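A.B. asks: Have a look at this fold, sequence not included:
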């Protein structure tokens, strides 16, 4: 039981994005069964996705240029909260665009 489940989910996601908790932890709010599921087991398939807020990717051209020049690496993108790993359970409740120009549409 939790008085504000939406806030709980957002707080856990924020902690994961800041790497204050392991990046492999997954949290899913199931609206139908009215439960929150947190997965911490090893071996789940996950994929990295760019984080978007307010219809815009957080990663910018300056980050891409720094990656190309090896001034940043993938771990830096994780530490800066620009990329996160999602597993299959979490992907089912996420809105995912296949291309950057689709971000922010609908």
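C.D. replies: Looks like it came in fine. Remember, it's a predicted structure, so these values are computed and weren't measured experimentally.

A.B. asks: Quick one: residues contacting residue 104.
C.D. replies: If you count contacts by C-beta atoms under 8 Å, 6 or more residues apart in numbering, residue 104 has them with 52, 55-56. C-betas here are computed from N, CA, C, even on glycine.

A.B. asks: For these, pick the one with the most neighbours.
C.D. replies: When neighbours are counted by other C-beta atoms under 10 Å, residue 52 leads the contacts of residue 104 with 16 neighbours.

A.B. asks: what sits opposite it in the beta ladder?
C.D. replies: Residue 52 has these beta-bridge partners by DSSP bridges: residue 57.

A.B. asks: How much space separates it from residue 61?
C.D. replies: Residue 52 sits 15 Å away from residue 61 when distances are taken as C-beta to C-beta, to the nearest Å.

A.B. asks: Please apply the same query to residue 21.
C.D. replies: 30 Å.

A.B. asks: again with residue 82
C.D. replies: Taking C-beta to C-beta, one finds residue 82 at 13 Å from residue 61.

A.B. asks: Show me which of the two is the more surrounded one.
C.D. replies: Taking neighbours as other C-beta under 10 Å, residue 82 and residue 61 compare with residue 82 leading, 18 against 7.

A.B. asks: got a pLDDT number for the residue nearest to the spatial centre of the chain?
C.D. replies: What sits nearest the mean C-alpha location of the chain, by C-alpha atoms, centre = their mean, is residue 84, with 3.9 Å. At residue 84, the model reports a pLDDT of 94.
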